[in-house]
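K.L.:
structure here, sequence nowhere to be found:
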């Protein structure tokens, strides 16, 4: 299953068929970096079968997989090679290269070294839920999210993505849950676990981490009263899925519990489809409960805690993405 998850709202009007999506992605299949290219981004087969489909439609859900290959050369090596070229110019012509020429020498040095550089490949999974209008990914870093959203928007005409926003911020809700006196004050279906991180907003930026620690205690409440706010909190949904919620509403360290996938142990050819069906079904439950606990979705043009803005009001702006990939999504 996804180990991390960042959720987006798909803009209205975008509802292509799997066949149309496949056609759109086919011209953007992943191609390894040529000798002098430092990065390549493209779509690969979710099942890992060569020349297979790039869009898997399973149980009403759609699964895609983006691959990114990068090659890097240490900056010190590039500078040393460029300096050698600059020294040669000075020795043979009696002049030192200027800034513009020095920059060109470094670019030439990089191009000459790239064919010898080791490449690194990483993948990011994409889960599209057409019924709910969600798009989720396990891309965990800002750079991966940027690459993923760029690749999606480039591939699909009319696709608009905005980060999913709720009426109550995750940080505000986590503060309430940690300040609660007992479990009766937790949101329905969610339970607070034993890990959290608190961070102050003052100049010192103090951080306190609790690991495998009972969180309903005076020490946690004291830190909150002193101005430290939760940035991460471990939660559990219905005893089936554990995860860490961040202040930006990203889900980290997702784990499926209590034998959720045990019934799926069987024929290998059936595992991908059933894993997707089970995994997305469980995550739907997690996200439904979490969104409800945060007061519901914040609609475009709506101020938290208020009704949606009237027609003609400025809509929400398109998102620029906020926060490990495995060989399989589930």
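P.N.:
Looks like it arrived, so ask away. Note that the structure is predicted; figures quoted are calculated from it, not measured.
K.L.:
does residue 43 really touch residue 29, like I thought?
P.N.:
Yes - checked against C-beta atoms under 8 Å, the pair residue 43 and residue 29 is within contact range at 5.7 Å. For glycine as for every other residue, the C-beta is placed from the backbone atoms N, C-alpha and C.
K.L.:
the two: which is more packed in?
P.N.:
With neighbours defined as other C-beta atoms under 10 Å, residue 43 and residue 29 compare such that residue 43 has more, 23 against 13.
K.L.:
list the contacts of the more buried one.
P.N.:
Residues near residue 43 by C-beta atoms under 8 Å, 6 or more residues apart in numbering: 25, 28, 29, 30, 54, 64, 65, 66, 67, 151, 155.
K.L.:
now do 10 Å
P.N.:
Residues in contact with residue 43 (C-beta atoms under 10 Å, 6 or more residues apart in numbering) are 22, 24-30, 54-55, 64-67, 126, 151-152, 155.
K.L.:
now do the strands in the stretch 151-300 of the chain.
P.N.:
Using DSSP state E, counting those that start in this stretch, the strands found in the stretch 151-300 of the chain span residues 161-163, 190-199, 207-210, 229-237, 241-246, 251-256.
K.L.:
sec struct for residue 145, please.
P.N.:
Under the three-state scheme (DSSP: H, G, I helix; E, B strand; the rest coil), residue 145 adopts helix.
K.L.:
measure how buried it is and give me the count.
P.N.:
Per other C-beta under 10 Å, the neighbour tally for residue 145 reads 22.
K.L.:
ok, it touching residue 68?
P.N.:
No - between residue 145 and residue 68 there is no contact under C-beta atoms under 10 Å: 11.5 Å.
K.L.:
identify the contacts common to those two.
P.N.:
Taking C-beta under 10 Å, 6+ apart as the contact rule, residue 145 and residue 68 both touch 124, 139.
K.L.:
now a ChimeraX select for only the buried ones of the contacts of residue 43.
P.N.:
The ChimeraX selection below is limited to those of these classed as buried (16 or more other C-beta atoms under 10 Å):
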select :22,24,25,30,54,55,64,65,66,67,126,151,152,155
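K.L.:
so which of the contacts of residue 43 are in strands?
P.N.:
64, 65, 66, 67, 126 (DSSP state E).
K.L.:
of these, which pair is most distant in space?
P.N.:
For the ones in strands among the contacts of residue 43, the maximum inter-member distance is 11.7 Å, found between 67 and 126 (C-beta to C-beta).
K.L.:
shared neighbours, the two?
P.N.:
43, 151.
K.L.:
low-confidence ranges, the protein, go.
P.N.:
Scanning the chain for pLDDT under 70 picks out 1, 113-114, 263-270, 304-327.
K.L.:
can we see that at 80?
P.N.:
1, 34-36, 72-74, 77-78, 81-82, 107-119, 181-183, 258-270, 300-330 (pLDDT under 80).
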